[in-house]
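**Q** all I have is the shape, not the residue letters:
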């Protein structure tokens, strides 16, 4: 095999039809990356998550043997992409399970929840006073008696309209200022933006462009990136769009991605991916709304600390190492172009402030949106994602923690798990302990189960006695309980018309219980450390990417949330983007977010022995201590 | 003459030996520009100042006839460079009168005067608190109990050392922050700089570089650009350098240069020239002191408003048009690299604030340096240059004006005039009405007369009765009074050893009287408009590029300054650069300069009929009204 090392091989991905050339010896996972194709991968290419299955149709390849493949899969030429090297031109098929359909349904719902929340929040609490704004500024032209320089004339005119004691002007703006003012008879559209306490003159244009004035709010999620296009003049969201985070090829959770980036020195690549995603969202919405990118003058982001670090190419490596430190929790506003974001080339990029390495600006945004920091009564805010962040407090104090819950409720590490998108089972009931009823997003044939569906499944299996309090399938002769490739599993949807069955395995259930136990243990630790009793809790707010539908009561049934009355449970959707938008539209809101971030006490559970104790007790359904779950009396609870 | 239009011609400039290729048809003035050779030119190439004389040695050229050339000059192939087109390869000689020798003597003196003034000023009034500074910052590394992010950890540490309530960090610095801190055990050399009220973290380096910390102060003059290299850590000037402003080829005064730039759309070229001059000064000093340009972290400039506009490529065109408005009087700090200044690529460029189009930051620097804004008594500050700016006031009020005096006292428009450099007559006495005694800079053979020499000449001609009170030569048979090419002239130095004679013409005297009249009329207008009496004036400070020596009393004799006792007259040298350095070394000083600039009342003499009246009265020696000059009794004063 002469020259085989340097040989270029063409890899054709079906059914997408994309082709990419790679050097012989490249893994199929890497080839997929290069082709821009998403393959599920939790472990980031280490060969132990078994998610990146792909089918070799034609050509030579070498795969390392893996216990994660069944004998049937081996016969059908299924391989792990990360463990398979390309040796010749190849044709491969990407199984449907990897497919990434952006769900318009989910996004519309986000937008609805969002506008309901922010509508209230902003009007109730924060005056309209956006971080960036295009003012229509009219000045008297200079005369012999008033020969103030153009620059100071502009400042004086701006200060008649807005409170801007400290101002600065970009050099390029200053250079063209006199020309623009004179050509437009001293009427100008002046874009101003806050950089901390300083008001910057970002752009000066002819006066007729005063009303053309847009910004983007982004929730930079580990799994999904959601963006809203906002008309700053009206403070209204005029379009929404979402996409999967393209970094998923490098690991489903961000710790994996940090490790991957460190090992392969590919921080550049990870940033480019994420920036590309954000730019894609912006361009899609701008094209749809026929808006010039130059008229988008700001981007405001919220997200977990690692994602914000990746987006801005800050060093995230210390986030994963004790003592778990971020490069920056308060990221100063920068020019969006500096990070590669394609809006007005002088437009600003804001990030909401974070609290710590594991309490990001998305959580601060959640506190801002739910307003728990204003209330006399105690509230709990729970964001269920890869980590499961919890905030407990009221107007006097706020304490927070992050449980390493794992991404089970995002569908990761679950055999038939998927993100909330078309075809995902989002709700499920077992009628009379027997008949299964479900609802999919978009109403189509089910292709997997998303977070809210998984919560329902776990709850219904438990309530109907199909699993016991440890989560183990009972040996009773339920015909749906069958031995599959991955051990004992419960069939939710039978295979039909060539579609695969949808089932939940013992491993899946264990995963989900670990996740819920992590969240509950964290809540308990925060409550115990502050001597908070359950009856002191006024409201529990649940945020997260659960899609359209979340039966919050079932989160109590499985013991994820404390046993409060249903009236005290409120699903609040994507509060990350809601908080970003609120902050964009009011300087006071951003200042409030900063005060929230500064004032929150962070409890590090990773170095907390009490947390592990609580975690072990919470690894039962609903808990070892049933006195904590009086409403569990409604069900037949078996002994442990 | 086939292809003559596009023919390239080589023009050789002697005795310098520089050669440049230009298309056929190019003027010799333009060819000199391209070769980087300085030719005097007041009119900017319009052919009416007669300054750009040059000798054609060999080759073909075409010159438009000019009345400014004598028949003898025509015989010797002297032409006006701006009126002569290159038609073939040429060899030309640049007369010595154009030569631009940087006078080390002048610069050393500037530095001495400067250090004397700022030494006092800073110690007396402003605490050491520089605009830019390299701090040695030691932080405790993060622990499990203290996991503050690196960025906020740095801010906290900086705030323990300096007062910096509002801070910002450049994006590139933020990106590398974690790495630099960790590699140096949380000891860092942190460069901070003020941008208005905001303290910016400009650079973060390993801790060992704390003491390496330089800045440049520049006086951006219309004629001369002077720079000082300052060690910020000790606040000491460690080197000085000066050069002629290369824009002089485009006109001796800045109004001419603005017209030239507008007519030929060459603002780029004019900026490049000036930036190149500043860079040359910086590089010369850095090389001499073996300092890396990266260790120069700021440049602070003072100068007239037009020069600052040219330097920063701000639009200066409205400075010369009613109502005479600057683009910016308060120029915000920018990154020096944005203007093309070659220091640390993140280093800052500051400009002291100006008052108006014709009262630049050099005058504000003068007020700051002389401290007239702190005094109970009234003072007058006079800066004699191209314009002759005057400030009158005390701690309660300051009023200022600019007289269009013209650059006569800078040697421009004077037959044997030259800038203060080697060979310039800087002092002159006429002994017993007959014998002429003079002193040249550097002690060499005289080649011209600089400002202080011109002042002496005018005064001595007057006091010795050689000219009358209107400035006209008396018809008495003085053998030195001879008819020259330019009419009647008084010979100061006879021609010898092939050197030209040095003489002063009737036109020169008229020019000088116009200049002095402009200054005096402006002083009178300011005094009259504020009802200030002469006895109220405590001190008159005279600033300007007069070189080593200025007999300030003679400025009274000719009626340029009011008749006060010699003890009240003080020559203060280059206060522009002194004020720049003071501001660099103290935030309070810059804030004070800003307050001074804001508080100064500007009186526009161009639209003031009273000024013209005063000007006409001042066009006599010393004045029409001798009661204003009681000390004139000491001389024989002829009737008008």
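**A** Here it is on my side, so go on. Because the structure is predicted, anything quoted here is derived from the model rather than measured. Numbers count the residues shown, from 1 in each chain, chains lettered A, B, ... in the order given.
**Q** so where is the stretch 301-450 of chain A shaky, pLDDT-wise?
**A** Within the stretch 301-450 of chain A, no stretch has pLDDT under 70.
**Q** for the residue of it found nearest chain B, phi and psi?
**A** Nearest residue of the stretch 301-450 of chain A to chain B: residue A:328, at 3.5 Å (C-beta to the nearest C-beta). Any C-beta I mention is one placed from the backbone N, CA and C, and that applies to glycine too. Backbone torsions for residue A:328, taken as degrees, to the nearest 10, come to phi -150, psi 130.
**Q** can you tell me the closest non-neighbouring residue to it?
**A** Nearest non-adjacent residue to residue A:328, counting by C-beta to C-beta, 6 or more residues apart in numbering or on different chains: residue B:151, 3.5 Å away.
**Q** residue of the stretch 51-200 of chain A with the smallest distance to chain B?
**A** Counting by C-beta to the nearest C-beta, the stretch 51-200 of chain A gets nearest chain B through residue A:151, at 3.5 Å.
**Q** wait, that residue sits on residue B:325?
**A** No. Contact criterion C-beta atoms under 8 Å: residue A:151 and residue B:325 do not qualify, at 10.1 Å.
**Q** residue A:485 and chain B, how far apart?
**A** 43 Å (C-beta to the nearest C-beta, to the nearest Å).
**Q** that residue: neighbouring residues, count only.
**A** Neighbour count of residue A:485, defined by other C-beta atoms under 10 Å in any protein chain shown: 12.
**Q** measure it to residue A:505 for me?
**A** Distance, residue A:485 to residue A:505, by C-beta to C-beta, to the nearest Å: 9 Å.
**Q** for residue A:148, same thing?
**A** Residue A:148 is 75 Å from residue A:505, by C-beta to C-beta.
**Q** and for residue A:284?
**A** 37 Å.
**Q** just residue A:193 next, same as before
**A** The value you get for residue A:193 to residue A:505, if C-beta to C-beta is used, is 52 Å.
**Q** so those two - more neighbours on which side?
**A** residue A:193 (23 against 19).
**Q** remind me what the helix or strand hosting the more buried one packs against, helices and strands.
**A** Per DSSP states H and E, residue A:193 falls inside strand A:187-195. Helices and strands touching strand A:187-195, as assessed by 3 or more C-beta pairs under 8 Å, 6 or more residues apart in numbering or on different chains; DSSP states H and E, comprise strand A:132-138, helix A:150-161, strand A:198-206, strand A:296-303.
**Q** could you check the angle helix A:150-161 makes with it?
**A** 80 degrees (axes from the mean of the first three to the mean of the last three C-alpha atoms, to 10 degrees).
**Q** what comes up buried for strand A:187-195?
**A** By 16 or more other C-beta atoms under 10 Å in any protein chain shown, the buried positions in strand A:187-195 come out as A:188, A:189, A:190, A:191, A:192, A:193, A:194, A:195.
**Q** ok, back up a step: burial of the residue nearest to residue A:328, as a residue count?
**A** 24.
**Q** shouldn't it be in contact with residue B:177?
**A** Yes. Counting by C-beta under 8 Å, residue B:177 is a contact partner of residue B:151 at 6.1 Å.
**Q** name the residues contacting each of these two.
**A** A:327, A:328, B:169 (C-beta atoms under 8 Å, 6 or more residues apart in numbering or on different chains).
**Q** would you point out which residue of the stretch 451-600 of chain A is nearest chain B?
**A** For the stretch 451-600 of chain A, C-beta to the nearest C-beta, closest residue to chain B: residue A:598, 9.4 Å.
**Q** what sits against residue A:415?
**A** Applying C-beta under 8 Å, 6+ apart, the residues contacting residue A:415 are A:486, A:489, A:503, A:504, A:505, A:507, A:508.
**Q** how does it look with 10 Å?
**A** A:50, A:97, A:448-449, A:484-486, A:489, A:502-505, A:507-508, A:511 (C-beta atoms under 10 Å, 6 or more residues apart in numbering or on different chains).
**Q** point out where the stretch 1-150 of chain A drops to low pLDDT.
**A** Those would be A:1-6, A:36, A:38, A:40-44, A:46, A:48-49, A:96-125, if you go by pLDDT under 70 across the stretch 1-150 of chain A.
**Q** what segments of it are strands?
**A** A:8-14, A:18-23, A:53-58, A:61-63, A:78-80, A:84-86, A:90-93, A:132-138 (DSSP state E, counting those that start in this stretch).
**Q** okay, those strands in CSV with mean neighbour count next?
**A** Putting the strands of the stretch 1-150 of chain A into CSV (neighbours: other C-beta atoms under 10 Å in any protein chain shown) gives the following:
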stretch, mean neighbour count
strand A:8-14, 18
strand A:18-23, 16
strand A:53-58, 17
strand A:61-63, 16
strand A:78-80, 23
strand A:84-86, 23
strand A:90-93, 19
strand A:132-138, 20
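**Q** mind putting those in JSON lines, distance to residue B:405 included?
**A** Below are these laid out as JSON lines (distance: least, C-beta to C-beta, whole Å):
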{"stretch": "strand A:8-14", "distance to residue B:405": "77"}
{"stretch": "strand A:18-23", "distance to residue B:405": "75"}
{"stretch": "strand A:53-58", "distance to residue B:405": "85"}
{"stretch": "strand A:61-63", "distance to residue B:405": "87"}
{"stretch": "strand A:78-80", "distance to residue B:405": "86"}
{"stretch": "strand A:84-86", "distance to residue B:405": "82"}
{"stretch": "strand A:90-93", "distance to residue B:405": "85"}
{"stretch": "strand A:132-138", "distance to residue B:405": "38"}
